[in-house]
Every structure is written in structure tokens, then in C-alpha cells.
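Chemist: A structural model of the following input is requested.
(2 chains)
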Amino acid sequence: MFKSSERKPFQQDSVTYQGSSSSHLQYPHRLNFYDKPPLFDVAIEEFETCALDRLRVLAEIESSAARNRTWEESTLAVRTQCDKHLVMKPNSSKYDDLDEQRRKDHLSHFVLRLAFCRSEDLRRRYVKAESTLFRMRYEDDAHADREAFLNSRDFNCLPVPADEKAKYHTELSSLYFAPSKNEAERKAAFEREKYFKVKWTRVPDLVEKRRVFLNRGWAYVPSQEQSSIIFQEFESRLEKALEMTARLLPRLDEDTRLIPILNNLSQGFIAGSSSDWMGENGDNANGEELKAEMIDDMSKRHFPMCMKTLHDRLQRDNHLKHFGRLQYGLFLKVLGLSVEEAIVFWRKSFSRITDDKFNKEYRYNIRHTYGLEGKRANYPAKNCLQVMAPGAQEYGCPYKTYNPDNLQSALLSTYSHLGLKAADLPDIMQLVGAHSYHTACTRVFEVTHGSCGVKKGDGLNGEHVTHPNQYAAHSRELYKAAAGGGSSEDMVVVTS
Amino acid sequence: MDALSPEAMLTFYRRLYPFKSVYGWLNHDHMPTRLWTHREFAFTLAGDVYVRYKSYNNSDELKADVCKLNPSRFEIGPVYSARPRDKKTLRTLTPMQRELVFDIDMTDYDEIRTCCADANICKKCWKWISAAVKVLDQAIREQYGYEQLLWVYSGRRGIHLWISDAEALELTDQQRKAVVGWMNVVYPAVEGTKRPNIRTSTRSLPPPLAAAREILLPYFSDIVLEEQDCFGSEEGYEKLLDFIPDKKIADALKKKWSADPHKPSSSKWIDLKNEVKALEKHQRPPLMAAMEDIVLHYTYPRIDAEVSKHRNHLLKAPFCVHPKTGRVCVPVDPRGIDSFDPEKVPTIAQLLGELDALIPVDGQENQPESDVQRTSLAPYVELLDKYSTSLMDLKRRQKQDPDVLSW
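Modeler: Numbering: from 1, shown residues only, chains lettered A, B, ... in the order given. Model (predicted):
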């Protein structure tokens, strides 16, 4: 079919594939200011999955901020997440499908814009997370790539011509900050530096600190400060775009396919970072997989009363009613039990029914809890307030629902091997009597973890219990620390 | 007639207050725009009753309301997203535009002035305000490029600045905060000292302050060294010694001056200069920097930061009467600031006396405009009129030829 003379030599193209010839790509740059929305057709599946991936990255950014990590640590953590879910390779990498990655990035950004424009709070958090992501990518970028990106887009920064720079030489040089202390070096660096003029309103922080030369409303900014202008520009554009999107959202002409997905996404964001307990399946503090067999052991040591009761009841009756399954199932999910292990666990616990019946009636619901069926909602585990909500007596918070005598005997039987003595009970019962169930639970935590160095009044890192998973996670951490990093399952329980 | 009685105020509002001029200045146009109709006014009534969120459709409505309620003073707020008087029916009311304002008050200079204290003011301490006006006026014009500036005497011991440039009106709170930070020199002091925190690693003054220093040096010798004699007392020169980074020199001067504590400031300053000259050349820079800092600390404008930072701040309207002094808050021409004498500003008593003495001209009975022209308030009203005309012209021109470089 082909004449060999007409065929181009095979090797020729790959030579020119270095950095700058990214022009053949639809997305020539890794960085994106998201000025234009994606204008291609997208399948609903892809719509959702790429948004979820981006959401994971943004959630990681938020949680890094919440944990006050340093910039380097955060960047590292986010990069790992990105490599897993939202990989974005620079132009120099030859083997990746750059267009495909960038397309996904572009698409997911705009899907999340739709999901998070609805309320002031969501908008603010989204803008913050996106700006941080942009900044991380910007700093990560190779110098040449960054220059190309900056040149591609008009940022309204007027370069300062040489004669103007000479005219204001004294003023500009007096403000120039160079890393070296040597005066001569500083002067040389100053001469090399390129300056830009922007309207001062775009760099208010620099003006406030008097770090730029101001003339007739124009700020003379050295190129080293250019990045802060870029970031601010990104942030303000995104804010404005989100406000506009929020206003236009009611006009979304759609057929009830997208709205549930969007709601689901924003739920994930809300539930996720208000408590850190939205760990990924399989991602837990120990770094080990949580197996079904481990649950029983853990329940003896690390579970708060509510979850322990549920577990015990499950083992005793080989059954739990719906709400109990929901409460306990979500707790286990956030604890770090993967969906496969969960199915194993529940199958073993429901030992008296047949495989068939289990698969028909319970398996679907377990998967639903993990967001793998139906509307794919990633339900957060219930916090203490939700657990305490009025309902049947078998689930909910034992400190609230049990009568005092039963509560006392239950506490003793559950926790005496961890050091809870009858002498501690009056304290706890007093708190229960005062309806201060959180504090009662916290007190129990303090007593049972005395061997790990928790004293009265310490609480859980200074706080009260507000979430069963919080209790469990702290408990595991403490044991891990006390064991010097060894597996908490090997811990010998010390009675105080 | 008692100067500040309600009857006096009412007469003042009926016959003298230039509502149309103030309207022109705020509205930038003859026909009412949102700059007026969505503008908040707040009245201070008798018994310290404070009424907010008043708004009007035109200047006549404002005049009618003022004459009806006879406030002791009223203040101007921002332009909101809707008419402030509809506040109760609205969900949110956000400030959209507002002039950039500065407030310089003599109380901020209390720690360094010696001629008066508290609420008093005289021609001598007013000089600080003149210095501040000069520095601020030049700085704003040169560095920000704003040109529509209105300086208004605050009636007792300070001065306000209203900047009406289009860009200034649109500034957000964050940007205003930036301007305040850039302007605030005296207060954010370096840790552990009283020296203003103005230098970066390079030790020389940033450009705006270098320019300011040039203006302020003559004022320093005039006010601080001569008239106020700030270092004349022991307390005064102790404060000065605080600024000197070199302990040896500070101690030497302290010894010298404690022997003759009331030596005039000018010669004490010469003593300091001599000590510095006696040093080696390479040792001088930190002390010369300290001397610059001293000049700035004692003369640089001290603004009230809170006034400028927020768009929704309410500031007293020009031409109101100050209740304690009876003086009218008149606009001031910055070019003539040195000759401005706060004690010569017209008071309400004086103006009403002039009105009484007016012989009615035939055919012009009780016309407010002509009344004003025949009192000593006239030149001030004219100043405001000229200014608001220029604002209106500017706006008309901009509509025809929109500003290209407006990002």
C-alpha cells in the first residue's frame, strides 16, 4: 500500500520532541489558568470519576493545612496524591499522554467549580485549595516551561524599558532585595533583574510593606515578585468565576443526571475535612491493612463504648438491625477497613445465614455504605451528636441510653482489663448525670489509656470526644507510640 | 442667639449649609446617580441619638430631612448595593464604593507636642498638620497618581482627606488596608525600640519616605527644635536618647544634658550632630539612619488607621459645625496650608451674626445662595464648588472617551 519512498523516516520526529515543541499538543502547558471551559463531549462516568480524583487531591491539600504541615511536607503529600489520581507530567516527559492528563485536569476543575459554587463557605474553601494546588504546580515547574506559560497569557504586566529603569535607578535599587549580602553582587544582580509595571491594586501586599516603588499608581515589580502577582490573579479570577457560576447555576439545563453527582461531590468536601476521619480505604495510621480478624482484638482495646456494644451484640446475636449495621459499618469504614475486608467481616459475623441470603440482602448494602452502589455517596461516619440522635435503644450512645446501673456494669465488664476500676465510676456517673456524655466518654478514654501516659484532663489531645473514630484513632496512636512504633496488636495491656 | 442652640443650627442649615455643593461633590453629576441615591447618611440627633442608613433621591430631600430633624452633625458613608433606607426589606447590603479617606488628628501627636494638650489647638501645633498635609498630598499625587483630593478641616484639631478618583472609589477593604500600611510610619515600631519600622535590609529609606524626609526637614527644625522645643525638658531628651543605637554616644549626651537640662533643643541637636561627626566614616551610617528616624518620628503624618481601612466607616460631612468649638468644617486648599489658621475659621456664631447684619437687597429676599455669598463662608463654598465642577467635567470626559489603561 505504501511506497517506501513516501514513508517518512521513523526516527526523525522523536528528535524534535524535546521541551519546546509542545506546540503540537492541545494543552501546550502544564499550568492552566482555566480561562475557558472545556468544550468537548464527556461521558457521565468520566464526569464523575475525574472529579472524584481531583477531589482527593484537594482534600489532601485541606487536611495538610488543617494539620499545620510545613510547605515542603504538604507539597510532598499532595504530590503523592497527584501521582495516584491526577498525574500531571511536565512537557519534558516523553512517554506520557500529556494531552490526556491535562484534559482530565481541565475537565475536573470545571466540574468541581459547578459542585462548589453554591455556598460562600464552599467557594472560599475551593478557591483556597485550588490556589494552593496552582502554586504547588507553579513552583514545581521547570523554568523554561514556566516562562512559556507566562508568555502565552496576557497578565497585563508591562515590562519596564531600560531607560525607565535607569531613570528610577536609585529608588529601585534601594528596594531590591538580593539573597547575598555583598554589595557588589547585589548591584550586579539588580542590573540583571527585569522589572514589570503593574497597577498597584494588584499587589496590595507589596505596597503595604513598601517593598515596591510606586509611581503614578504603577508599581514597579521585579520579576522575582512576579509569582505573587500571578497567584493573586489566579485567586481573584477564580473567585469571580465562581460567583458568576453560582448565579447561573439555576439555569443549568439538565435532566437530573448531573445534580446528584454534584451534590455528592460537595458532600464529600464538607464531611471530609471537618474531621480528618475521611481516610481512604486501606489508608490508616499503622500503614497496615486492617483485616477482618483484627476487628475483635481492636474492639477490646480501642473502641469507644458505643462501638464496643455494637460489636459485642453483633457477635452475640450474629445479627444487627439496620441502623446498628449502618452506624457500625460506617465506623469500620473510616477506621480503615476496606470494602473486601468488610464483606468478609460481616459475612463471618452473620454466621447463621446462608451465603445466598447474605449476598442477596446484605452485600449490596455494605457496598452501598462504601459508596460503590446507587448514588455513590461517600457517607461519613456518624459523629457523637448523630449517634446520640433519638432512635432505638440498641444503638446510639450508651452513656445516654443505658440506665445508670446497667451502664456501670457494662463499663466494668468492657474496660476493667484496660484499667477501669470501680473507684473511677462515680466520676463518670456524675458526668452522665449532668448529661455530659462526651465528657464521660473522654474520661473513660483517659482512665483506660493511663498506661500510655494520658492523665486526667488531657482528653484526646486536649479535646473531648466528638466522634467515635476520633476515639479509636487516638487510642491506636497512643498505643503505637507507647509501644515505640511496634504493631499495636502486640501490645501487652498494662493495668494501672 | 446662643451659638449652638437648636435654633442656631436650624438657621445655619436653612440659610447657609451648601447642600447643592456637597451633592455635586459626592455625585459627580447634575442628575442624581447611584453615588448619591445609594449613599448612606447618618445623623447625630439631640440626646446622642444616632440614626443610620438614611438615603435620599436628590439634594433637596437631604436638605428637607436635615431641616426637619436638625441633627447636631451628620456623617457620610459608602455607596451601597441598594438604597440604604430600604435596608429592612433587603437581605444583604454591601458597600460598593467609597472615597478613600484619611483622618489626621492632633491627639495622635500629644506625646510630642508641648504647646497645648488634649483638645486645645493653636497656630503653633497646627504646623504639624501642615507638614502632614504637604507630605500626604504630594505622596498621594505622585505615587498613586490620584488627583481628586479634598482636604476638610475637622472643626477642632484635625483634618480629613477625601479622595474621589474613580479608582479610589472602587478600592476594596484589603487595598485600603495596603494604603494604610504604606502610610503608617510612626506606629509599627521595631521591637523593643520606638524607632519606626521602615527600613528593609538595605538600610536606606524607601523612596516614598526619602521624598517625605525632604519636605519634613525644614518643619523639623522649625517645629520640633525651635517652637515646641521638644527636647528641652528632661522627659523630652530622654525620649530622644531612646532612639540612639550607640550606647556610648547616648551616655555621653545624657551626661552633658543632665548638667544643663533646659538647653534649647536646637543646640542639643547640634551636640548630637557633633558626636556623629566625630565618628569614623564607616561608623556613621547607623547613626545617620537614627537621625532620619527621629525626624520622621517627630514630624511624619500620623493617621488614624481605622478610618481609612473600612469602606463602611462613617466620616463627618464637610461644612458641619463642630459642637464644642462652633467652627465650621471648611475645606482647605493644600497649597495654602501653611497660612491656614484654625483660630480664624468661621464659627457659627460669627456667621449668624453676619447674616443678621445683612441688609436685604431688593428682590432677593432670603435666597440661601446669595446669603452665603455675603458671609465669610463664601470662599470655602466656592472652593468646594470649583472642585465639584471639576469632578463633573472629568466624569463627562471619561464617559466620552473611556480610560484605556484602566485595569
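
Chemist: next one: residue B:226 from residue B:262, what distance?
Modeler: Residue B:226 sits 15 Å away from residue B:262, going by CB to CB, to the nearest Å. The C-beta positions use only the backbone N, C-alpha and C, and glycine is treated the same way.

Chemist: what about residue 56, neighbour count?
Modeler: This is for chain A. Using other CB atoms under 10 Å in any protein chain shown, residue A:56 is surrounded by 18 other residues.

Chemist: could you do chain B instead?
Modeler: 21.

Chemist: can you verify it is assigned to a strand?
Modeler: No. Counting by DSSP: H, G, I helix; E, B strand; the rest coil, residue B:56 is not part of a strand but coil.

Chemist: what's the closest non-adjacent residue to it?
Modeler: residue B:62 (4.6 Å; CB to CB, 6 or more residues apart in numbering or on different chains).

Chemist: mind listing what that neighbour touches?
Modeler: B:19, B:23, B:41, B:56 (CB atoms under 8 Å, 6 or more residues apart in numbering or on different chains).

Chemist: spatially nearest residue to the second one, not counting backbone neighbours?
Modeler: Distance criterion CB to CB, 6+ apart; nearest residue to residue B:23, sequence neighbours excluded, is residue B:59 at 3.6 Å.

Chemist: relative to chain A, how far out is the one you found?
Modeler: Separation of residue B:59 from chain A (CB to the nearest CB, to the nearest Å) stands at 31 Å.

Chemist: same check on residue B:15?
Modeler: For residue B:15, the distance to chain A - CB to the nearest CB - is 42 Å.

Chemist: got a pLDDT number for that residue?
Modeler: Residue B:15 is assigned 89 on the pLDDT scale.

Chemist: am I right that it is in a helix?
Modeler: Yes. Judged by three-state DSSP, residue B:15 forms part of a helix.

Chemist: so how many other residues sit close to it?
Modeler: Neighbour number of residue B:15 under other CB under 10 Å is 17.

Chemist: try the one 5 residues further on
Modeler: For residue B:20, the count of nearby residues is 20 (other CB under 10 Å).

Chemist: check contacts around the residue lying closest to it once chain neighbours are set aside.
Modeler: In this structure, residue B:20 finds its nearest non-sequential neighbour in residue B:59, 5.5 Å apart by CB to CB, 6+ apart. Taking CB under 8 Å, 6+ apart, we find residue B:59 in contact with B:19, B:20, B:22, B:23, B:36.

Chemist: for residue B:6, same thing?
Modeler: Residue B:6 makes contact with B:46, B:70 under the criterion CB under 8 Å, 6+ apart.

Chemist: backbone phi and psi for it, please?
Modeler: Note on residue B:6: backbone dihedrals following degrees, to the nearest 10 are phi -60, psi -40.

Chemist: distance of the closest residue to chain B within the stretch 351-496 of chain A relative to residue A:467?
Modeler: Nearest to chain B in the stretch 351-496 of chain A, going by CB to the nearest CB, is residue A:385, at a distance of 29.4 Å. Distance from residue A:385 to residue A:467, counting by CB to CB: 9 Å.

Chemist: who has more neighbours out of those two?
Modeler: A direct count of neighbours by other CB under 10 Å for residue A:385 and residue A:467 places residue A:467 higher, at 24 against 12.

Chemist: name the nearest residue to that one, sequence neighbours excluded.
Modeler: Per CB to CB, 6+ apart, closest to residue A:467 is residue A:383, 4.2 Å.

Chemist: what is the neighbour count of residue A:331?
Modeler: 25.

Chemist: so which helix or strand takes in residue 297?
Modeler: Let's take chain A. Assessed by DSSP states H and E, residue A:297 sits inside helix A:294-302.

Chemist: the chain in question should be chain B.
Modeler: Per DSSP H and E, residue B:297 falls inside helix B:284-299.

Chemist: who's in contact with the helix or strand just after that helix?
Modeler: Once the chain leaves helix B:284-299, the next helix or strand it forms, by DSSP H and E, is helix B:305-309. Residues outside helix B:305-309 that contact it (CB under 8 Å, 6+ apart): B:100-103, B:173, B:176-177, B:179-180, B:183-184, B:187, B:313, B:315.
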